[in-house]
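S.K.: Fold the stuff below for me.
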Amino acid sequence: MKTIRSATCLLGGEEIGIEEALRLRERSGRKSPDFRCSECRERVSAHKAGGGMVAHFEHLSRNPACSLSVAHHSRS
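M.R.: Predicted structure coming up:
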């Protein structure tokens with residue numbers, strides 16, 4: 001099984017990429033911007049690349065109904 005992770009999200013209704021989101025998060029200080037999943041509109045957080053993973057967004061709460069949530073798995 002392969003975990004699906006997203007490289008885009010919504011911020012204020014506009015789609016942005018992970019690199020832009022990471023820059024915005026850095027500039028915002030302690031409060032994280034209101035990043036939303038582009039599919040289910042639930043809150044997501046931006047994660048830097050590391051530990052063998054590419055930079056990506058993860059849902060704050062798993063959403064099994066969303067194909068972009070880490071709780072959702074596809075067969076590979």
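
S.K.: For this structure, which segments count as strands?
M.R.: Using DSSP state E, the strands of the chain run over residues 2-3, 8-11, 14-17, 44-47, 56-59, 73-74.

S.K.: Next, format those as CSV and append mean pLDDT and distance to Lys31.
M.R.: Quick note: C-beta positions are derived from backbone N, CA and C, even for glycine. Converted to CSV, those look like this (pLDDT from 0 to 100; distance: least, C-beta to C-beta, whole Å):
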stretch, mean pLDDT, distance to Lys31
strand 2-3, 48, 28
strand 8-11, 95, 13
strand 14-17, 96, 17
strand 44-47, 92, 12
strand 56-59, 92, 17
strand 73-74, 44, 32
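
S.K.: Now mean neighbour count too, for those strands, in TSV please.
M.R.: As requested, the strands of the chain are exported to TSV (neighbours: other C-beta atoms under 10 Å):
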stretch	mean neighbour count
strand 2-3	11
strand 8-11	18
strand 14-17	12
strand 44-47	21
strand 56-59	20
strand 73-74	11
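
S.K.: would you list those strands in CSV and tack on distance to Asp34?
M.R.: Formatted as CSV, these follow (distance: least, C-beta to C-beta, whole Å):
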stretch, distance to Asp34
strand 2-3, 24
strand 8-11, 7
strand 14-17, 12
strand 44-47, 10
strand 56-59, 13
strand 73-74, 27
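
S.K.: okay, now Glu42: neighbour count?
M.R.: Using other C-beta atoms under 10 Å, Glu42 is surrounded by 16 other residues.

S.K.: Identify the residues contacting it.
M.R.: Arg36, His59, Leu60, Ser61, Asn63, Cys66, Ser69 (C-beta atoms under 8 Å, 6 or more residues apart in numbering).

S.K.: Now rank these by neighbours and give me the top one.
M.R.: Busiest of those [other C-beta under 10 Å] is Ser69, holding 23 neighbours.

S.K.: from what I can see that one touches Arg62, true?
M.R.: Yes - Ser69 lies in contact with Arg62 (C-beta atoms under 8 Å); the separation is 5.6 Å.

S.K.: mind showing which ranges of the chain have poor pLDDT?
M.R.: 1-4, 70-76 (pLDDT under 70).
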